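Peer 1: Need a 3D model of the sequence below.
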Amino acid sequence: MRPRNLVFGLLLLSVLAPILLYTDSFSSFTPSFKQEFLEDVTAFILPADTSNLNVLPQGESSAVLKAPIGILYTDNHSKTILTDKDSQLPDTGRALSATDEDAQSRKDDIIEQVIQSANQEKEETRTDREADQESHQLKQRSALNSDKVGEKDALLTKTNKQTDQLPMPAAWDQQLRDQLIKASVYLSLPAMKSNRRFTRELRMRIKEVQRVLGDAIKDSAMPKNAYEKWKAMDQLLEKGKQMQYESANEVKKLRAMLHSTEEQLRVHKKQTVSFATMVEKLRAVLHSTEEQLQVHKKQTMFLTQLTAKTLPKGLHCLPLRLTTEYYNLNSSEQQFPNQEILDNPLLHHIALFSDNVLAAAVVVNSTVTNSKHPSKLVFHLVSDRLNYAAMRMWFLVNPPGKATIQVQNIDEFTWLNSSYSPVLKQLHSQSMIDYYFRAHGANSDSNLKYRNPKYLSILNHLRFYLPEIFPKLNKVLFLDDDIVVQKDLTGLWSLDLKGNVNGAVETCRESFHRFDTYLNFSNPLISNNFDPRACGWAYGMNLFDLEEWKRQNITDVYHSWQKLNHDRQLWKLGTLPPGLITLWKRTHPLDRRWHVLGLGYNPIVSQIEIERGAVIHYNGNMKPWLEIGIPKYRKYWAKYVDYDNVYLRECNINP
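Peer 2: Numbering: from 1, shown residues only. Prediction:
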């Protein structure tokens, strides 16, 4: 029995020594694996059949035995070696070797079983109590084998020298190469490329691992810092994995947001289509409304123009009643007093050209009422043939107080004929008649305001012939018949016009009163001579220096431009456009308080501005004597009408 037990012990030594060496390398991955292995070996039971074992002769020296091939792994922190308590060498110190195939097969089976058992134990969770028990058992076994330390140290020293030159295990080589592959994949991912810090660190770790692999192949041994490099790479790859996971989550969120946005866009698209349909309907309605408004606007304009052209019945009655009364007077009763002072240049002369008796009466009455020196006022009133007698009769019955008045008939100006005046020739031409009275003709203008009968009246153009009408006067104040004088005008005659012909209030404040509003700047005759943004100025209250007029020959300038405009290509009809051209750079601007405009078309003229104005002007179609006049402005005009006058009562002219 003793030889058999000896053989069994040697066989156990030959089997367990390689296992200890292999399992010791696994302990670098699982710190508790050594203890697990010792526990498993202790509990392991070998088969009883050992008949086939071959025993080496007793006399052979143990020095000739080769140690089992094992693996030695080193790192910066520790070096795993085979210790006395990890081996079970017999006292004889003789090494045994299994020579027959059955024993070798059994040894392989035992190794496989032990490794499988160790792998299973690694996957289970061990408690702290079990770990303490294993440590206690391990100490007991170490105490039993302490007497064999000396013999095993010599064997382990030789084994360590051999294992230092062993090649790197295939498992480690493969793990490091797998790390390189993973790292290369991470470098190619867009989410990683955007993180420059991570990419830079990953490239550095790749170089370190490549250097570890290169050193292992070159020296056929595992570098000491291999584990450290592996661990660093593993941590970095884990970080990259987490980043990839977070990127994947971001992608999912973005996809969800994209899907939500697409849904919103789809809904919005439907709403847009619906909205576009609604817009088209609204546009159709708007277009129809605009057409109706245009028609209504044209009708309103037509009716307004018609009303402006058509005098109320009372204003028709008044001149007829006055004319009848005038011709019932004898010649001595038809004369005005103070006719000898009509040419006195020291007096304040006012020119008024009108065919409206009531309007002219308000101009004269308001001027005299507010004058500080009415005896210095001389009114030169010119009317047409139809209203001449009525005008004389009114002022004979209603004299202007201390002021002097003269009433003339335009037909008595024999010098004013077609051969002298181009505008008079144009007014009598067939083309002008067609323009006014053939509204649907090819040459007619769609704007009704240019077909107002006042433009056909030569009375409207007499303002360009003031030196011819008043050859002995130096200065004349020109007033329209649609104004009301609210202040004393004496100060105007003392104004210095600084060599200019005309003194007038400019209309720069309103953009539609600049030159490009009245003149055709597409015509080179206009564009080459005038500034389109130049300030316009107002007719209605103008102080004319007749001496400068004559010196600068203004009437001839007017005639030359009228001839150029024979086909109305430079401006439409009226007196303001030719006035702007004729008196270009010859007008002195007056203070705006002298002349307040807009009461015949603008409903928002400031009341303060009106009340401080010396002259207020009802320019526009809404005259104060018409029903279409702006009601809130009518009181300033009606203030100077004597509605108790017998002629006004007989003609039913009321406030």
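Peer 1: does residue 290 belong to a helix or a strand, and which?
Peer 2: Here residue 290 sits within helix 226-309, counting by DSSP states H and E.
Peer 1: counting contacts, what elements does that helix pack onto?
Peer 2: Helices and strands in packing contact with helix 226-309 are listed as helix 170-188, helix 190-193, helix 196-219; criterion 3 or more C-beta pairs under 8 Å, 6 or more residues apart in numbering; DSSP states H and E. From N, CA and C alone the C-beta is placed, and that goes for glycine too.
Peer 1: Out of those, which gets nearest to residue 475?
Peer 2: Relative to residue 475, the nearest member of the helices and strands packed on helix 226-309 by C-beta to C-beta is helix 196-219, separated by 90.1 Å.
Peer 1: can you give me the angle that closest one makes with helix 226-309?
Peer 2: Between the direction of helix 196-219 and that of helix 226-309, the angle (axes from the mean of the first three to the mean of the last three C-alpha atoms, to 10 degrees) works out to 160 degrees.
Peer 1: Mind listing what's buried along helix 196-219?
Peer 2: Under the neighbour-count criterion of 16 or more other C-beta atoms under 10 Å, helix 196-219 has 198-199, 202, 205-206, 208-209, 212-213, 215-216 buried.
Peer 1: Which parts of this protein are strands?
Peer 2: Under the criterion DSSP state E, strands of the chain are mapped to 348-353, 377-383, 404-409, 475-479, 483-485, 502-504, 541-545, 587-589, 615-617.
Peer 1: Just checking: what are the partner strands of the second one?
Peer 2: Partner strands and pairing direction for strand 377-383 (DSSP bridges) are strand 348-353 (parallel), strand 404-409 (parallel).
Peer 1: hmm, who's touching that strand?
Peer 2: When contacts are taken as C-beta atoms under 8 Å, 6 or more residues apart in numbering, the neighbours of strand 377-383 outside the stretch itself are 341-342, 344, 347-355, 360, 364, 367-368, 371, 391, 395, 400, 402-410, 459, 462, 469-470, 476.
Peer 1: Buried subset of those residues as a ChimeraX selection?
Peer 2: A single ChimeraX command suffices to select whichever of these are buried according to 16+ other C-beta under 10 Å:
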select :342,347,348,349,350,351,352,353,354,355,360,364,367,368,371,391,395,400,403,404,405,406,407,408,410,459,462,469,470,476
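Peer 1: ok, back up a step: mean pLDDT for the helices and strands packed on helix 226-309: which is lowest?
Peer 2: Among the helices and strands packed on helix 226-309, helix 190-193 carries the lowest mean pLDDT, at a mean of 68.
Peer 1: For residue 503, list the residues it contacts.
Peer 2: By C-beta under 8 Å, 6+ apart, residue 503 lies in contact with 492, 495, 497, 542-545, 587-588, 590.
Peer 1: Point out where the stretch 51-200 of the chain drops to low pLDDT.
Peer 2: Regions of the stretch 51-200 of the chain meeting the criterion pLDDT under 70 cover residues 51-173, 191-193.
Peer 1: circling back to that earlier point, could you dump the helices and strands packed on helix 226-309 into CSV with distance to residue 414 added?
Peer 2: Rendered in CSV, the data for these read as follows (distance: least, C-beta to C-beta, whole Å):
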stretch, distance to residue 414
helix 170-188, 109
helix 190-193, 102
helix 196-219, 103
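Peer 1: ok, residue 623 - contacts?
Peer 2: Listed by C-beta under 8 Å, 6+ apart, the contact partners of residue 623 are 308, 359, 482, 600, 629.
Peer 1: How about residue 314?
Peer 2: Contact criterion C-beta under 8 Å, 6+ apart gives 648, 651-653 as the residues in contact with residue 314.
Peer 1: List only buried entries from those residues.
Peer 2: 648, 651, 653.
Peer 1: Kindly tell me how buried residue 312 is, as a neighbour count.
Peer 2: For residue 312, the neighbour count with other C-beta atoms under 10 Å is 16.
Peer 1: same deal with residue 412?
Peer 2: Neighbours of residue 412 (other C-beta under 10 Å): 10.
Peer 1: Could you do residue 481 as well?
Peer 2: Counted with other C-beta under 10 Å, the neighbours of residue 481 add up to 23.
Peer 1: picking that back up, I'd like the buried ones among the contacts of residue 314 as a markdown table, with distance to residue 514 appended.
Peer 2: Output for the buried ones among the contacts of residue 314, formatted as a markdown table (distance: C-beta to C-beta, whole Å):
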| residue | distance to residue 514 |
| --- | --- |
| 648 | 41 |
| 651 | 42 |
| 653 | 39 |
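Peer 1: Quick one, which of the strands of the chain gets closest to residue 637.
Peer 2: The closest approach between residue 637 and any of these, judged by C-beta to C-beta, belongs to strand 483-485 at 5.4 Å.
Peer 1: what's that closest one in contact with?
Peer 2: The set of residues external to strand 483-485 that reach it, using C-beta under 8 Å, 6+ apart, is 362-363, 366-367, 369-370, 479, 540-541, 614-618, 636-637, 639-640.
Peer 1: Can you list the strands that it pairs with?
Peer 2: Strand 483-485 pairs in its sheet with strand 615-617 (antiparallel), by DSSP bridges.
Peer 1: Let's test this: mean pLDDT of the strand it pairs with, rounded?
Peer 2: 97.
Peer 1: Over to stretch 423-443?
Peer 2: Averaging pLDDT residue by residue across stretch 423-443 gives 68.
Peer 1: swap in stretch 597-608?
Peer 2: The model assigns stretch 597-608 a mean pLDDT of 93.
Peer 1: So which bits of it are buried?
Peer 2: Taking 16+ other C-beta under 10 Å as the neighbour-count basis, stretch 597-608 is seen to contain the buried residues 597-600, 605.
Peer 1: Also stretch 515-523?
Peer 2: Those buried within stretch 515-523 under the rule 16+ other C-beta under 10 Å are 515-516, 518-520.
Peer 1: could you give the mean pLDDT of stretch 13-25?
Peer 2: Averaging the model's pLDDT scores along stretch 13-25 yields 61.
Peer 1: I meant to write stretch 575-582 there.
Peer 2: On average, stretch 575-582 scores 93.
Peer 1: Quick one: residues in contact with that stretch.
Peer 2: 460-461, 463-464, 515, 518-519, 530, 536-537, 539, 554, 557-558, 561-562, 565, 570-571.
Peer 1: contacting residues around residue 405?
Peer 2: Contacts of residue 405 by C-beta under 8 Å, 6+ apart are 336, 364, 378-379, 381, 395, 399.
Peer 1: Show the contacting residues for the residue nearest to residue 592 when sequence neighbours are not counted.
Peer 2: Computed as C-beta to C-beta, 6 or more residues apart in numbering, the closest residue to residue 592 that is not its neighbour in sequence is residue 505, at 5.5 Å. By C-beta under 8 Å, 6+ apart, the contact list for residue 505 reads 537-538, 541, 589-592, 594-595, 597.
Peer 1: Next one, pLDDT for residue 486 please.
Peer 2: Here the pLDDT value assigned to residue 486 is 97.
Peer 1: should've said residue 9
Peer 2: pLDDT, the model's per-residue confidence, is 75 for residue 9.
Peer 1: That one and residue 16: what is the separation?
Peer 2: When distances are taken as C-beta to C-beta, to the nearest Å, residue 9 and residue 16 turn out to be 11 Å apart.
Peer 1: Tell me which of those two has more neighbours.
Peer 2: Here residue 9 and residue 16 are compared on neighbour count by other C-beta under 10 Å; more neighbours surround residue 16, at 22 against 17.
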